[in-house]
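> The following block contains a protein sequence and its predicted model.
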Amino acid sequence: MSERPKADDLHGIDEVLADPAACYLLKRALQSSLSRDPVDAARDSDVLGRLLGRRCDEFFSAALAYVSQWRCLDRAVQEIHKPVVL
């Protein structure tokens with residue numbers, strides 16, 4: 001997974017909430033977190049980020065394994081269909 005952005009690289013909460021291109025789910029999570037204890041909200045968002053990051057890693061690992069399987073199959077088919085040299 002890619003490295004997390006530094007806090008200085010991120011837009012402010014108000015900017016994200018006002019951004020029409022920002023994801024609805026992100027805006028909703030930010031809005032609901034503003035009424036919570038900031039430490040609890042930050043910890044929960046960190047756990048959520050790690051869980052989703054793990055899910056993403058597992059997804060791409062499975063996709064790579066699937067594609068690799070087809071590459072091996074493709075090579076096997078190519079070997080079968082090689083012309084026989086007498």
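The structure has been received and is ready for your questions.
> Please make it C-alpha for all contacts and neighbour counts, starting now.
Fine.
> Let me see the contact set for Ala18.
By Cα atoms under 8 Å, 6 or more residues apart in numbering, the contact list for Ala18 is empty.
> mind checking the SS state of Leu71?
To be clear, residue 71 is Arg; Leu isn't right here. Secondary structure of Arg71, reduced to three states by DSSP: H, G, I helix; E, B strand; the rest coil: helix.
> how much space between it and Ser33?
46 Å (Cα to Cα, to the nearest Å).
> count of residues packed around the closest residue to Ala41 other than its chain neighbours?
Residue nearest to Ala41 in three dimensions, not counting chain neighbours: Ser33, with 5.9 Å by Cα to Cα, 6 or more residues apart in numbering. Ser33: 16 surrounding residues under other Cα atoms under 10 Å.
> just Arg50 next, same as before
Neighbours of Arg50 (other Cα under 10 Å): 12.
> Please name every helix or strand in contact with the helix or strand hosting it.
Using DSSP states H and E, Arg50 sits within helix 38-80. For helix 38-80, there is no helix or strand it packs on, judged by 3 or more Cα pairs under 8 Å, 6 or more residues apart in numbering; DSSP states H and E.
> who touches the residue positioned nearest the centre of the chain in this structure?
In the chain, the residue lying closest to the centroid (Cα atoms, centre = their mean) is Cys56, at 4.4 Å. By Cα under 8 Å, 6+ apart, the contact set of Cys56 is empty.
> From Leu64, how far off is it?
Cys56 is 12 Å from Leu64, by Cα to Cα.
> Point out where the chain drops to low pLDDT.
1-8, 73-74, 76-77, 79-86 (pLDDT under 70).
> give me that answer again for 90
1-11, 60-86 (pLDDT under 90).
> burial of Ser35, as a residue count?
If we define neighbours as other Cα under 10 Å, then Ser35 has 9 of them.
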